[in-house]
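[1] missing the sequence, but the structure's below:
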Ligand SMILES: [Zn+2]
Ligand SMILES: [Zn+2]
């Protein structure tokens, strides 16, 4: 790998303590989606300290900074976008001050997904690439994205042109990931995170007396039929080789045990990995719900209220990250085969803009009790994951931007 070599491991090791300190700093000061004011100001301050000229207020509360390499060559240069999400969740951290002195200082708000670590890795990477500026060329667009948890920050930043000026040629990002043990890096071509769509249905009947159903149209019974019918879509209309999920997490209707309601609201989520499955299910949910309702004299209003596509990695960029991961943790710690994860992330939108790779850095250590799922009040990461993430990302970026 030209220009990278083993010196990089030392450069990462020198920054290990600062990296952990930075993660803890942001862990103590979590902020919710689109409210990351202090987080963004601190990121910008640290970027300015490096000599960069960050832009604040991008896509709401996001920050970007462009770092240019100084190596000289007559070949055309490329721009690489590095994305780190920065928001926290409305969760009260369950951690003992004695065990975890860096726990959240804000009741009800917590970095329970590892985005504090993503900020720390990206800031440290900026510093490392700055120090190596003469050994690479082209540019790195650092994107500190707000509101990943609510799915909205990526589109807001794209609307502000973060991939257009300069035009981005490739994208990279990582997620610290406790389903994978610390020491391993999970990287694959193709879909790695599913799409996610928020399904909203209102079943409209005609209310009445519970003892006189023949004079009413009962939307509760119709809703029950619709939910059952929709479960057959994945079972009967999607290929058995393609995973997909339709879940209704919320049903609301009626106010009294002996009154037939006027309407019922169903609220659910749709997940798929193949774009064609997503498209099919989005369409068929409406068709089946309307068809069932019509057969039972009711009506349906149907909306997809928000969502994002699957995260689909480019084969070439995934191969680049795989080489970087193997150089960092060894081939035995970079598993082969299916690496799909059952979650979603609006990194998907950046991956649609330019070929890229979103990969997972193992962050659990069950022997030390660090194995809580993401979004749990007991969530924590094994901090050894931070230098692994940094080194993998640095190697991938430096190979991409090699002279
Ligand atoms: Zn999350
Ligand atoms: Zn996350």
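    Thanks, I have it. Fair warning: this is a prediction, and the values are worked out from it, not measured in the lab. Numbering: from 1, shown residues only. Ligands and ions are numbered 1, 2, ... in the order given.
[2] And the strands in the stretch 251-400 of the chain, which stretches?
    For the stretch 251-400 of the chain, applying DSSP state E, counting those that start in this stretch gives strands covering 259-260, 263-272, 299-308, 311-313, 356-364.
[3] Mean neighbour count added to those strands, as TSV?
    Just so you know, the C-beta spots here come from the backbone N, C-alpha and C atoms, and that holds for glycine as well. Shown next, in TSV, are the strands of the stretch 251-400 of the chain (neighbours: other Cβ atoms under 10 Å):
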stretch	mean neighbour count
strand 259-260	18
strand 263-272	21
strand 299-308	16
strand 311-313	25
strand 356-364	27
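[4] would you turn those strands into JSON lines with mean pLDDT and distance to residue 209?
    Below are the strands of the stretch 251-400 of the chain laid out as JSON lines (pLDDT from 0 to 100; distance: least, Cβ to Cβ, whole Å):
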{"stretch": "strand 259-260", "mean pLDDT": "98", "distance to residue 209": "7"}
{"stretch": "strand 263-272", "mean pLDDT": "97", "distance to residue 209": "17"}
{"stretch": "strand 299-308", "mean pLDDT": "93", "distance to residue 209": "21"}
{"stretch": "strand 311-313", "mean pLDDT": "97", "distance to residue 209": "51"}
{"stretch": "strand 356-364", "mean pLDDT": "98", "distance to residue 209": "55"}
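[5] and residue 114, which of those strands is closest to it?
    Between residue 114 and the strands of the stretch 251-400 of the chain, the tightest spacing by Cβ to Cβ is seen for strand 356-364, at 6.4 Å.
[6] Which strands or helices does the closest one pack on?
    Here strand 356-364 touches strand 170-181, strand 185-186, strand 190-193, strand 311-313, helix 315-329, helix 347-353, helix 385-400, going by 3 or more Cβ pairs under 8 Å, 6 or more residues apart in numbering; DSSP states H and E.
[7] okay if I get the ones you listed as JSON lines plus distance to residue 75?
    Formatted as JSON lines, the helices and strands packed on strand 356-364 follow (distance: least, Cβ to Cβ, whole Å):
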{"stretch": "strand 170-181", "distance to residue 75": "16"}
{"stretch": "strand 185-186", "distance to residue 75": "29"}
{"stretch": "strand 190-193", "distance to residue 75": "30"}
{"stretch": "strand 311-313", "distance to residue 75": "26"}
{"stretch": "helix 315-329", "distance to residue 75": "18"}
{"stretch": "helix 347-353", "distance to residue 75": "23"}
{"stretch": "helix 385-400", "distance to residue 75": "13"}
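[8] Just send the strands of the stretch 251-400 of the chain back as JSON lines, with distance to residue 119 too.
    Shown next, in JSON lines, are the strands of the stretch 251-400 of the chain (distance: least, Cβ to Cβ, whole Å):
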{"stretch": "strand 259-260", "distance to residue 119": "52"}
{"stretch": "strand 263-272", "distance to residue 119": "27"}
{"stretch": "strand 299-308", "distance to residue 119": "21"}
{"stretch": "strand 311-313", "distance to residue 119": "20"}
{"stretch": "strand 356-364", "distance to residue 119": "14"}
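[9] Let me know which of the ones you listed is the nearest to residue 144.
    Of all the strands of the stretch 251-400 of the chain, strand 356-364 comes closest under Cβ to Cβ, at 15.9 Å.
[10] mind listing what that closest one pairs with, with the direction of each?
    Paired strands of strand 356-364, with direction, are strand 170-181 (parallel), strand 185-186 (antiparallel) (DSSP bridges).
[11] orientation of it relative to helix 385-400 in degrees?
    Using axes from the mean of the first three to the mean of the last three Cα atoms, to 10 degrees, the direction of strand 356-364 lies 160 degrees away from that of helix 385-400.
[12] just the angle between strand 356-364 and helix 315-329, please?
    Going by the same axes, to 10 degrees, strand 356-364 makes 30 degrees with helix 315-329.
[13] Now stretch 287-297: buried residues?
    For stretch 287-297, the neighbour count (16 or more other Cβ atoms under 10 Å) marks 288-290, 292-293, 296 as buried.
[14] in the sheet, who's paired with residue 356?
    Bridge pairing for residue 356 - DSSP bridges - gives residue 171.
[15] just checking, it touches residue 171?
    Yes. Judged on Cβ atoms under 8 Å, residue 356 makes contact with residue 171 at a distance of 3.2 Å.
[16] Residues that sit against both of the two, list them.
    Counting by Cβ atoms under 8 Å, 6 or more residues apart in numbering, the contacts common to residue 356 and residue 171 are 81, 317, 350.
[17] what's the closest of the residues you listed to residue 386?
    Nearest to residue 386 among those, with distances taken as Cβ to Cβ, is residue 81, at 21.0 Å.
[18] how far does the longest helix along the chain sit from the chain's center?
    Longest helix of the chain, by residue count under DSSP state H: helix 275-295. Mean-position distance between helix 275-295 and its chain equals 27 Å (Cα atoms, centre = their mean, to the nearest Å).
[19] for it, what is the average pLDDT?
    Here helix 275-295 scores 97 as its mean pLDDT.
[20] which residues are in contact with that helix?
    Taking Cβ under 8 Å, 6+ apart as the rule, helix 275-295 contacts 195, 197, 199, 201, 203, 222, 225-226, 229-230, 233-234, 237-239, 242, 244, 246, 270, 272, 299-300, 302, 304, 309-310, 312.
[21] Filter the residues you listed down to the ones in helices?
    Filtering the contacts of helix 275-295 for helices - DSSP H - leaves 222, 225-226, 229-230, 233-234, 237.
[22] got the strands paired with strand 356-364 as a markdown table, with distance to residue 18 columns?
    Shown next, in a markdown table, are the strands paired with strand 356-364 (distance: least, Cβ to Cβ, whole Å):
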| stretch | distance to residue 18 |
| --- | --- |
| strand 170-181 | 17 |
| strand 185-186 | 22 |
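[23] Take these and write them to CSV, including mean neighbour count.
    Below are these laid out as CSV (neighbours: other Cβ under 10 Å):
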stretch, mean neighbour count
strand 170-181, 24
strand 185-186, 24
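[24] Between those strands, which one is closest to residue 145.
    Short answer: strand 170-181, nearest of the strands paired with strand 356-364 by Cβ to Cβ, at 9.0 Å.
[25] Look up the closest residue to residue 169, ignoring the ones flanking it.
    Closest residue to residue 169 apart from its sequence neighbours, by Cβ to Cβ, 6 or more residues apart in numbering: residue 78 at 4.4 Å.
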